[in-house]
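S.K.: This is a predicted model, with the sequence first.
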Amino acid sequence: MNHLKNGDRATTLDWSKTSLVVIDLQKWIGSSYAPYSAEMVIANAAKLAHHFRNKGAFVTFVRVSSKDFKDMPSPLLDSTPPKLNLIEGWDELVPELGVTETDHIITKKQWGAFHGTDLDLQLRRRNIDTIALCGIASGIGVDTTAREAFQHGYQLVFAIDAMTGFTEAEHEHVRNVIFPRIGRIRTTEEILEEK
């Protein structure tokens, strides 16, 4: 189990028990994010995926997909959600991630990656107890998946500059209020320095 003393920046990952989980880096991604650009998030996530694979760790990519959108939540809302960029192949992972045959792909129908998927089953069968999390958007898919992981008893490491929000306020809220209460916040470089 990965334990960390308060104030200690060392993460001490056990690669055999850690999975990188990348949220929603697929072709629907737009261009308006903050505080980091989609390009920076994709580049950092790709570096992490490469590093995790080299360490023999389990890499999981999560995507949203639907044939007719009838299998996705459609609650009554007070505000209109951001419009998705549903171009041809919108639900495919971006090629920059370099997905390999050893990677696991989860398809979800809602914000979080655990509900209605085999993510928890796949992690537990591999004796994984720690998740490094990144993707888009910080306050939606990443945050919801993080809360689900916390409730399932996983240790969490947030690759904070390998994720971004629809607004800077959204990202900063989860970064400052939620994530420190359920896990450890690290930069991509700090995670890449793990031996």
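M.R.: Received, thanks.

S.K.: show me where the protein has strands.
M.R.: Along the chain, counting by DSSP state E, strands occupy 18-23, 58-64, 104-108, 130-136, 155-164, 184-186.

S.K.: So what's the model's average confidence on the last one?
M.R.: Over the span of strand 184-186, the pLDDT mean works out to 97.

S.K.: Check the offset of it from the chain's centre.
M.R.: Averaging C-alpha positions (Cα atoms, centre = their mean, to the nearest Å) puts strand 184-186 13 Å from its chain's average.

S.K.: other SSEs contacting it?
M.R.: strand 155-164 (3 or more Cβ pairs under 8 Å, 6 or more residues apart in numbering; DSSP states H and E). (Each C-beta comes from the backbone N, C-alpha and C, glycine too.)

S.K.: same thing with the fourth one?
M.R.: Using 3+ Cβ pairs under 8 Å, 6+ apart as the contact test, the elements touching strand 130-136 are strand 18-23, helix 38-54, helix 143-151, strand 155-164.

S.K.: Distance check, the closest residue to residue 149 other than its chain neighbours against residue 17.
M.R.: In this structure, residue 149 finds its nearest non-sequential neighbour in residue 131, 5.3 Å apart by Cβ to Cβ, 6 or more residues apart in numbering. Using Cβ to Cβ, to the nearest Å, residue 131 is found at 10 Å from residue 17.
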